[in-house]
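Enquirer: test case, fold it:
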Amino acid sequence: MTDRSSVFLPLTQLVPGRTRPINPHYQQRLEASLRTSGLLQPFIVFAQDDHYEILDGNVRFHILRQMGVATVPCLIIRFLTWENHYA
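Expert: Residues are numbered from 1 along each chain as shown. Modelled structure (predicted):
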């Protein structure tokens, strides 16, 4: 079960999760879309010590950082264990 909240976070507080090689053609298309339409989907992240790890949005993260974007919308997921759900 999860709990979630939506906030704007500084890009400096986000850390990419597991990354895989980025297809250059896909990156170019996504960058063009971000420049013309803006960011349409929030990042999905979870709190990890003093930062937030990105679960969904790693490619967007790299592109927006290169574009100089300061803050982005994020959906913070809090994973609940069986024990703390009923505490």
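
Enquirer: going forward, measure contacts between C-alpha atoms and count neighbours the same way
Expert: Noted.

Enquirer: my guess is Arg65 meets Gln13, correct?
Expert: No. Counting by C-alpha atoms under 8 Å, Arg65 does not reach Gln13; the two are 11.7 Å apart.

Enquirer: identify each buried residue in the longest helix anywhere in the chain, please.
Expert: The longest helix of the chain (DSSP state H) is helix 24-37. Neighbour-count burial for helix 24-37 flags 30-31, 34 (criterion: 16 or more other C-alpha atoms under 10 Å).

Enquirer: check stretch 60-69 too.
Expert: Buried residues in stretch 60-69, counted by 16+ other C-alpha under 10 Å: 60-61, 63-64.

Enquirer: please flag which of the residues you listed sit within helices.
Expert: Secondary structure defined by DSSP H assigns 60-61, 63-64 of the buried residues of stretch 60-69 to helices.

Enquirer: mind putting these in CSV, pLDDT included?
Expert: As requested, these are exported to CSV (pLDDT from 0 to 100):
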residue, pLDDT
Arg60, 95
Phe61, 96
Ile63, 94
Leu64, 96
